[in-house]
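K.L.:
The sequence and its predicted three-dimensional model are supplied below.
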Amino acid sequence: MSTIAAYYNNKSILITGATGFLGKVLMEKLFRSSPDLKVIYILVRPKSGQTLQQRVFHILNCELFKEVREICPNVQEKIRAIYADLSQDDFAISKEDMEELLSCTNIIFHCAATVRFDEPLRSAVQLNVVATQKLLLMAGQMPKLEAFIHLSTAFSNCYRKHIDEVIYPCPVEPKKIIHSMEWLDDAIIDEITPKLIGDRPNTYTYSKALGEMVVQQEGEKLNIAIVRPSIVGPTWQEPFPGWIDTMNGISKIIIAAGKGLLQLQAVEPTNVVDLIPADTVINLTLAVGWYTAVHRPKTMLIYHSTSGHINPFYCKEMGLQLTATLEKIPLEKPFRRPYTIGTTSTISKQYWNTVSHHAYAIIYDFYLILTGRKPRMTKLLNRILKTISKLEYFSSQSWEWTTYNTEMLMSQLSPEDQRVFNFDVRHLNWSQYMENYVLGIKKYLLKEDMAGIPEVKQHLRRLRNIYYFFNTTLFLIACRLLIARSQMARNVWFFIVSFCYKFLSYFRASRMLKA
Ligand SMILES: CCCCCCCCCCCCCCCCCCCCCCCC(=O)SCCNC(=O)CCNC(=O)[C@H](O)C(C)(C)COP(=O)(O)OP(=O)(O)OC[C@H]1O[C@@H](n2cnc3c(N)ncnc32)[C@H](O)[C@@H]1OP(=O)(O)O
Ligand SMILES: NC(=O)C1=CN([C@@H]2O[C@H](COP(=O)(O)OP(=O)(O)OC[C@H]3O[C@@H](n4cnc5c(N)ncnc54)[C@H](OP(=O)(O)O)[C@@H]3O)[C@@H](O)[C@H]2O)C=CC1
C-alpha cells in the first residue's frame with residue numbers, strides 16, 4: 001500500500017475552503033486513497049440559502065464523488081461540518097466545536113481564501129491574512145497537530161520574473177497592515193491600495209504574499225509548509241479527466257472564446273501559459289502533508305506546483321488547440337465561430353478589437369433592432385472585455401518558477417507513492433488536456449447537454465456560410481468602389497476577368513476534345 005495513503009488513515013484532518021474548487025478535489029482524494037481516515041473536519045458557512053448539511057450533501061452527491069460513494073459508503077459519517085465564518089472573530093465557531101478541533105486535529109489544510117482579483121483590500125486582508133493568522137494561533141493550541149499545510153499561489157510574487165521557493169518580504173509588515181485595516185475607513189484604504197500593492201496587479205496577489213509572511217512569522221513553532229500552485233485547471237486523471245466547477249480566470253477566457261464572443265487575447269504567442277491540473281496540485285499537497293509530518297524538515301519548505309519548466313504549454317499552441325477543440329466540442333448558442341488571435345501590440349489590439357469584436361457586436365445589435373428586439377451584444381461584449389482586461393497582466397507575461405523542493409519530494413517517494421500521488425506533469429499531453437478542459441466546462445460548469453452537439457455544429461456551419469457570404473459581399477463592394485474611382489483598378493479588374501474567361505474557355509475546350 002502507498003505510504004502516504006497509509007499515513008492519512010486513522011487521522012483527524014481539518015480543511016478550510018473545503019466547499020471550494022481545490023477543497024473538493026482534496027476531500028475526494030483523501031476519501032478515495034485513505035478510506036480509513038478517522039474524520040475530516042470542514043469549516044463551512046451557510047451560503048445561498050443552503051444550510052451546512054445541505055452544502056455537504058450537495059458536494060457529496062456531485063459527479064466528482066461518484067467513486068468515493070462506492071468505495072466509502074459511510075462517507076457522510078466521516079465528514080464533520082463545523083459552522084465557521086473565517087472573516088469573523090474566533091471564526092464564530094462554537095465553544096464545543098472549538099474544543100473538539102483543538103483536541104483532535106492531526107493535520108490542517110488551509111485552502112480557504114478570497115480569490116477575486118478585485119476584492120477590496122480590507123476583505124482580502126481579512127480573509128487571506130487575518131484568518132490565516134488566527135488559524136495559526138488555533139494550530140498552536142493543538143497538542144496532536146502533526147502538520148499545517150497552507151495553500152498560496154505561485155503568483156504571490158508575480159512582480160518578479162524568476163521566482164524561487166522562498167518568501168519574498170513585502171515592504172510593510174503584515175502586522176502593520178492588519179492594524180491599519182482596523183482603524184482606516186474604506187475611502188482611505190481604497191486610496192492607499194495602489195501604493196501598498198506596489199508592482200503587484202491586484203489585492204489578491206498582495207494579500208496572498210502577506211499571508212505567506214504571516215505563515216513564516218507565526219508558524220515558527222509549527223510543522224508547516226506552503227504549496228504554491230500556478231493557474232489551476234480541471235483534473236487531468238483523477239478521479240476522471242476534466243472535472244471543474246469554478247469559473248476562474250482562464251475558464252472565463254475559454255467560455256468567451258467558445259461562445260464566439262472573444263477572439264482577441266492579449267498574449268504573446270511564444271509565452272508560456274502555466275496551467276496545472278487540480279489533481280496534480282492536490283497530490284502534491286497530500287505528499288507535502290505526509291512529508292512535513294513524518295520527516296519534519298528543519299525549516300519551512302515552499303513547494304511550487306507549476307508546469308512551465310518541464311512541460312511548457314505555449315500560448316500559440318493553446319490558441320490552436322482551443323480553436324480545434326471548440327470545433328469538435330462546441331459550446332451551445334455560439335454567436336460566431338470560435339477563433340483566436342494573440343497579440344500584445346497596442347495598435348494590433350485596437351485594430352482587432354474594432355474589426356473582430358465591436359464591428360460584429362454593432363452589426364448584430366443593428367440586426368436585433370431591425371427585427372424588433374432589444375440590442376444587447378455591445379453591452380455584453382463590453383462587460384466581457386472589462387473582465388478580460390483584469391486578466392491581461394497574467395495573459396501577457398511569462399514567469400519562471402524553480403521547483404527544487406517539489407523535485408526533492410518526488411525523489412523521496414516510493415514508486416507506489418509516485419503512482420498513487422502523481423504530481424509529475426512531464427507526461428501531460430496538452431492537446432488531450434485541452435479537450436477534456438472544454439468537455440469539463442461544457443458538462444460540469446455550464447451543464448450543457450452533450451446530445452446537442454450535432455445541432456450546434458450545424459449552427460456553426462450556418463455561421464461559417466454567413467461569414468463567407470458577408471466577407472465576399474464586402475470584398476465585392478470594395479472592388480466596385482475602387483473600380484469606379486481608379487483607372488488602374490479597372491485595368492486590373494478587366495485583366496482578371498479576361499484571364500478567368502480564357503482559362504474557362506480553354507478548360508471547356510480541352511474537356512470537349514477528350515470527350
Ligand atoms: C495563434 C495564436 C493564438 C494565441 C491566442 C491564444 C489564446 C488562448 C488563451 C490564452 C490564455 C492565456 C492565459 C491567461 C490566463 C489568465 C488567467 C488568470 C491567471 C490567474 C493567476 C493567478 C493564480 C491564482 O491564484 S488564481 C485564483 C483564482 N482566481 C481567478 O482565477 C480570478 C477570479 N475572478 C475574478 O477575480 C473576477 O472574475 C475578475 C476580476 C477576473 C473579473 O471580475 P468582473 O467583475 O469584471 O467579472 P465577473 O464578476 O467575474 O463577471 C462580470 C459579469 O460578466 C459575465 N461574464 C464574465 N465572463 C463571461 C464570459 N466568459 N461569458 C459570458 N459572461 C461572462 C459574468 O457572468 C458577470 O455577469 P453577472 O450577470 O454580473 O453575473
Ligand atoms: N484556483 C486557482 O486557480 C488557484 C488557487 N490557489 C489557491 O488555492 C486555494 C483554493 O482556491 P480555490 O479552491 O480555487 O478557491 P475557491 O474560491 O473555489 O474556494 C474558496 C474557499 O474558501 C472559502 N471561504 C471564503 N471565504 C470564507 C469565509 N469567510 N469563511 C469560510 N470559508 C470561506 C469558500 O467558501 P464558500 O464556498 O462558502 O464561499 C471556499 O470553500 C486558495 O488559497 C487560492 O489562493 C492558488 C493558485 C491558483
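P.N.:
That came through, no problem. Ligands and ions are numbered 1, 2, ... in the order given.
K.L.:
Please make it C-alpha for all contacts and neighbour counts, starting now.
P.N.:
Fine.
K.L.:
Is whatever residue of the stretch 1-150 of the chain ends up closest to ligand 1 in a helix, a strand, or coil?
P.N.:
Nearest to ligand 1, among the residues of the stretch 1-150 of the chain, is residue 116, at 3.2 Å (C-alpha to the nearest ligand atom). Using DSSP: H, G, I helix; E, B strand; the rest coil, the secondary structure recorded for residue 116 is coil.
K.L.:
and it, backbone torsions?
P.N.:
When read as degrees, to the nearest 10, the backbone of residue 116 gives phi -70, psi 130.
K.L.:
correct me, but it touches residue 202?
P.N.:
No. In this structure, residue 116 is not within contact of residue 202 by C-alpha atoms under 8 Å, at 9.1 Å.
K.L.:
Those two: who's more crowded?
P.N.:
Comparing residue 116 with residue 202 by other C-alpha atoms under 10 Å, the one with more neighbours is residue 202, at 20 against 14.
K.L.:
Find me whatever residue is spatially closest to the more buried one, sequence neighbours aside.
P.N.:
residue 117 (5.6 Å; C-alpha to C-alpha, 6 or more residues apart in numbering).
K.L.:
cool, and residue 152?
P.N.:
residue 228 (4.9 Å).
K.L.:
Could you list which residues are in contact with that neighbour?
P.N.:
151-154, 302-305 (C-alpha atoms under 8 Å, 6 or more residues apart in numbering).
K.L.:
And it, which helix or strand is it part of?
P.N.:
Here residue 228, judged by DSSP states H and E, is contained in strand 224-229.
K.L.:
immediately after that strand, which helix or strand?
P.N.:
Toward the C-terminus from strand 224-229 - assigned by DSSP H and E - lies strand 231-233.
K.L.:
So what are the sheet partners of that next one and their directions?
P.N.:
strand 275-277 (parallel) (DSSP bridges).
K.L.:
tell me which element residue 501 falls in.
P.N.:
With DSSP H and E as criterion, residue 501 is part of helix 487-514.
K.L.:
Pull out the buried residues from that helix.
P.N.:
Within helix 487-514, the residues that count as buried by 16 or more other C-alpha atoms under 10 Å are 489-490, 493.
K.L.:
can you give me the offset of it from its chain's centre?
P.N.:
Distance of helix 487-514 from the chain centroid (C-alpha atoms, centre = their mean, to the nearest Å) equals 56 Å.
K.L.:
domain parsing for the chain?
P.N.:
3-239+273-311+399-425, 456-513 (the TED database).
K.L.:
Excluding chain neighbours, what is closest to residue 82?
P.N.:
Excluding the flanking residues, the one nearest residue 82 by C-alpha to C-alpha, 6+ apart is residue 43, at 5.0 Å.
K.L.:
In the stretch 301-450 of the chain, which residue sits nearest ligand 2?
P.N.:
Distance from ligand 2 to each residue of the stretch 301-450 of the chain (C-alpha to the nearest ligand atom) is smallest for residue 305, at 8.9 Å.
K.L.:
Ramachandran coordinates for that residue?
P.N.:
Given degrees, to the nearest 10, the pair of backbone angles that residue 305 has is phi -110, psi 90.
K.L.:
rewinding a little: which ones among the contacts of residue 228 come in contact with ligand 1?
P.N.:
residue 153 (C-alpha under 6 Å from any ligand atom).
K.L.:
Closest to ligand 1 out of the contacts of residue 228?
P.N.:
residue 153 (4.8 Å).
K.L.:
tell me which parts of the protein are close to ligand 1?
P.N.:
Near ligand 1, when you scan the chain using C-alpha under 6 Å from any ligand atom, you find 115-118, 153, 155, 230-231, 248-250, 252-253, 255-256, 265, 269, 273, 315-316, 318-320, 340-342, 383-384, 386-387, 390-391, 394-395.
K.L.:
what's the first-to-last distance across stretch 70-86?
P.N.:
Terminal residues of stretch 70-86 are spaced 33 Å apart (C-alpha to C-alpha, to the nearest Å).
K.L.:
Just give me how far it sits from the chain centre.
P.N.:
For stretch 70-86, the distance to the chain centre is 26 Å (C-alpha atoms, centre = their mean).
K.L.:
Give me the contacts around it.
P.N.:
31-32, 35, 37-46, 52-53, 56, 60, 68-69, 91-94, 97, 127, 131.
K.L.:
So which bits of it are buried?
P.N.:
Here stretch 70-86 shows 75, 78-86 as buried, counting by 16+ other C-alpha under 10 Å.
K.L.:
Going along the chain, name the strands of the stretch 301-450 of the chain.
P.N.:
Here the stretch 301-450 of the chain has its strands, by DSSP state E, counting those that start in this stretch, at 301-305, 341-342, 400-401.
K.L.:
between the longest one and strand 224-229, how big is the angle?
P.N.:
Translated: strand 301-305. 20 degrees (axes from the mean of the first three to the mean of the last three C-alpha atoms, to 10 degrees).
K.L.:
Mind giving me the packing neighbours of strand 301-305?
P.N.:
strand 224-229, helix 278-295, helix 404-412 (3 or more C-alpha pairs under 8 Å, 6 or more residues apart in numbering; DSSP states H and E).
K.L.:
one more time with 6 Å, if that's ok
P.N.:
strand 224-229 (3 or more C-alpha pairs under 6 Å, 6 or more residues apart in numbering; DSSP states H and E).
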